[in-house]
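Visitor: no sequence for this one, just the structure:
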């Protein structure tokens, strides 16, 4: 008798009740997204200088899911575009960092060249270099603003994904509460449990 071989775990799962399987995967998805939201927003708050006691690596979490393979990625089963959008936003953050370091390097070279010329020839050559120094603050401020906007967009995107998931699979929103450290998101409501404050995503009403 020929061996049946080892079947894919998804193939085995699909032999079970379909609704139960999808409900389980939706639950895993909501758990992942809950962690990702808090992790991204915590990193955003820390970059703004807030003291945040939250440690979870959202980037590693998503990459861990990707490594499992597309068919085993919990939050990929209902929105395949999610990972593509995440990758695009991460690339944007990298581009902002690269641009910041590039501009700061140019300014640094200009200042060093100006000071060197001032020492060798005349102190008048130092003035253009000193004039470049205010640009450092401008570059840092612009990079900070741009990065903060990307973090906000990324967090809001996952909040919207959570809202759609809760609605589509009729999940209990309070079961997937999460921490938010910034107050400029929509589609969430705040609750307090003891001394701690949590956010709960509000299910969308127009999701089929």
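Guide: That came in fine, so what should we check first? Small disclaimer: the values here were computed from a predicted structure and weren't measured. Numbering: from 1, shown residues only.
Visitor: now the helices for the chain?
Guide: 9-13, 18-47, 58-67, 81-120, 126-168 (DSSP state H).
Visitor: Least confident of the ones you listed, on average?
Guide: When these are compared by mean pLDDT, helix 9-13 comes last with a mean of 54.
Visitor: Serialize the helices of the chain to JSON lines and add fields for distance to residue 178.
Guide: The C-beta positions use only the backbone N, C-alpha and C, and glycine is treated the same way. Formatted as JSON lines, these follow (distance: least, CB to CB, whole Å):
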{"stretch": "helix 9-13", "distance to residue 178": "27"}
{"stretch": "helix 18-47", "distance to residue 178": "5"}
{"stretch": "helix 58-67", "distance to residue 178": "12"}
{"stretch": "helix 81-120", "distance to residue 178": "17"}
{"stretch": "helix 126-168", "distance to residue 178": "8"}
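Visitor: List the buried residues for stretch 140-156?
Guide: Using 16 or more other CB atoms under 10 Å as the burial criterion, the residues of stretch 140-156 that qualify are 143, 146, 147, 150, 151, 152, 154, 155, 156.
Visitor: coming back round to it: and among the helices of the chain, the most buried is which?
Guide: Mean neighbour count (mean count of other CB atoms under 10 Å) peaks for helix 18-47 among those, with a mean of 19.
Visitor: quick one: which of the helices of the chain is nearest residue 180?
Guide: helix 18-47 (5.4 Å; CB to CB).
Visitor: Tell me what angle that closest one forms with helix 126-168.
Guide: Here helix 18-47 runs at an angle of 160 degrees relative to helix 126-168 (axes from the mean of the first three to the mean of the last three CA atoms, to 10 degrees).
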